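S.K.: give me coordinates for this.
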Amino acid sequence: MHTYLSHLECSWCGASYNADRLWNVCPACDRPLLARYDLAAANMGFSTEMLRDRPPTLWRYAEMLPVRDPTYRLTLGEGYTPLLRLERLGAELGMTALYAKDESMNPTASFKARGLCMAVSRAAELGARALAIPSAGNAGSALAAYAARAGLPAHIFLPSDAPPIFVAEMRALGAEVTRVDGLITDCAQYVRAGAAEGRWFDVSTLREPYRVEGKKTMGYELAEQFGWVLPDVIIYPTGGGTGIVGMWKAFEEMEALGWIGPERPRMVSVQSAGCAPIVRAFEAGRETAEPWQNAMTIADGLRVPSAIGDFLILRALRDSSGTAIAVPDEEILDALREIGRTEGLLVAPEAAATVAALRRLRADGWIQRDERVVLFLTGSGLKYAHLLREA
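M.R.: Prediction:
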């Protein structure tokens, strides 16, 4: 299970860099770097048949992941999460083929485990001595877990109004936690300042090349679980947007491997009405998104006023003939109740936002009755007791 990793490429200016040293963003333009693979060689040497007897973790796709030395492939059992048929909710919405990818089954109960598993594994392999991240909650928890697994110090900066359960979780996992008055963008300033001083390596969203590689495994899994035929629509809650960027990258890679055809799902980015920079940019036809002022929402993971990967998210939406939609917090809470009542799933507010978006898209006729639609339920509701009282 060797990797076909070849180099890093800037997603904006196209510059190439050596993949075997630590990088954050492109030195030339300060944009995200993406891992590239020798797809011609992988097409000849990596097949779907090779997956048959592999363990059900994201490392089953190791050839298309960046860690070279298997001893650095950290695992807590992440990936290969359930793909659930939502028959009762689908019936209420007049749909025949509604599914959910339940990412709450990952370690630390969210999809963030995928990205931080990969980022920490590769950072450790390349010699990082300490790691830091700004977080709204779940990403910090995942970093704490995987840094502990790697034996590396973790420094986490999160808004002072983040739910206390996250702070307790991070500290129980051995991380140093600093609470900051402000938003995740304010937390990021502390992380970047410390990285510039050489105190730690910054593993912020899309500010290093490998979190997106962990997230892209959602796309590989979805294709495998559907028998290598992608769904018609993917609805995804979007803060930093790494999941959309990663899955879109996975689809391109799988087509080059000969595993899927050129057909793509229509990608839907869901944001909160209280913080919707991607939706605003999409509706305005812009290539990048302006920062959102006075961001406020109960869905902490969607409270990201500015995303460095904005142009990559917007490209995926437009190239797929997808869309972007903002839903108010009241509809998110209603959706949280609805999916719980109909399907027995207790989800995070970010995940519930996909249900609220689906209801609107069905009412508008943008999604048809018989289309195969996948909601990404990115985290568990168990860490949101303060919202559950309201719901």
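S.K.: with adjacent residues omitted, what lies nearest to the residue nearest the centre of the chain?
M.R.: Residue closest to the average C-alpha location in the chain (Cα atoms, centre = their mean): Gly243, at 3.2 Å. Leaving aside its sequence neighbours, Gly243 sits nearest to Lys215 (Cβ to Cβ, 6 or more residues apart in numbering; 4.9 Å). C-beta: built from backbone N, CA, C; applies to glycine.
S.K.: C-alpha coordinates for the host helix or strand of the one you found, PDB please?
M.R.: Taking DSSP states H and E as the definition, one finds Lys215 inside helix 211-225. Provided in PDB are the C-alpha atoms of helix 211-225 (Å, rounded to 0.1, in the frame of the first residue of the first chain):
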ATOM      1  CA  ARG A 211      -6.600  17.900   5.800                       C
ATOM      2  CA  VAL A 212      -8.300  18.000   2.400                       C
ATOM      3  CA  GLU A 213      -6.800  14.600   1.600                       C
ATOM      4  CA  GLY A 214      -8.500  13.100   4.600                       C
ATOM      5  CA  LYS A 215     -11.800  14.700   3.700                       C
ATOM      6  CA  LYS A 216     -11.700  13.500   0.100                       C
ATOM      7  CA  THR A 217     -12.100  10.000   1.400                       C
ATOM      8  CA  MET A 218     -15.800  10.800   1.800                       C
ATOM      9  CA  GLY A 219     -16.000  10.900  -1.900                       C
ATOM     10  CA  TYR A 220     -14.100   7.600  -2.400                       C
ATOM     11  CA  GLU A 221     -16.400   5.900   0.200                       C
ATOM     12  CA  LEU A 222     -19.600   7.300  -1.300                       C
ATOM     13  CA  ALA A 223     -18.600   6.000  -4.700                       C
ATOM     14  CA  GLU A 224     -17.700   2.600  -3.300                       C
ATOM     15  CA  GLN A 225     -20.800   2.300  -1.200                       C
END
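S.K.: give me the helices and strands touching that helix, please.
M.R.: With contacts defined as 3 or more Cβ pairs under 8 Å, 6 or more residues apart in numbering; DSSP states H and E, helix 211-225 has these neighbours: strand 33-37, strand 83-85, strand 98-102, helix 112-125, helix 242-257.
S.K.: can you do 6 Å?
M.R.: Under the contact definition 3 or more Cβ pairs under 6 Å, 6 or more residues apart in numbering; DSSP states H and E, helix 211-225 sits against helix 112-125, helix 242-257.
S.K.: any idea which of the ones you listed gets closest to Cys10?
M.R.: Judged by Cβ to Cβ, the one of the helices and strands packed on helix 211-225 that comes nearest to Cys10 is helix 242-257, at 13.9 Å.
S.K.: quick one: buried residues of that closest one?
M.R.: 242-251, 253-254, 257 (16 or more other Cβ atoms under 10 Å).
S.K.: from Lys112, how far off is Tyr4?
M.R.: Using Cβ to Cβ, to the nearest Å, Tyr4 is found at 26 Å from Lys112.
S.K.: those two: which is more packed in?
M.R.: Lys112 (34 against 21; other Cβ atoms under 10 Å).
S.K.: so how far is Thr205 from the more buried one?
M.R.: For Lys112, the distance to Thr205 - Cβ to Cβ - is 10 Å.
S.K.: show me where pLDDT drops low in the stretch 251-391 of the chain?
M.R.: 390-391 (pLDDT under 70).
S.K.: brain fart, the stretch 51-200 of the chain
M.R.: For the stretch 51-200 of the chain, no stretch has pLDDT under 70.
S.K.: now do the strands in the stretch 251-391 of the chain.
M.R.: 266-272, 323-327, 373-377 (DSSP state E, counting those that start in this stretch).
S.K.: any chance of CSV for the ones you listed, columns mean neighbour count and distance to Arg286?
M.R.: Shown next, in CSV, are these (neighbours: other Cβ atoms under 10 Å; distance: least, Cβ to Cβ, whole Å):
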stretch, mean neighbour count, distance to Arg286
strand 266-272, 27, 14
strand 323-327, 25, 11
strand 373-377, 28, 25
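S.K.: so for Trp12, which of these sits nearest?
M.R.: Nearest of the strands of the stretch 251-391 of the chain (Cβ to Cβ): strand 266-272, 19.5 Å.
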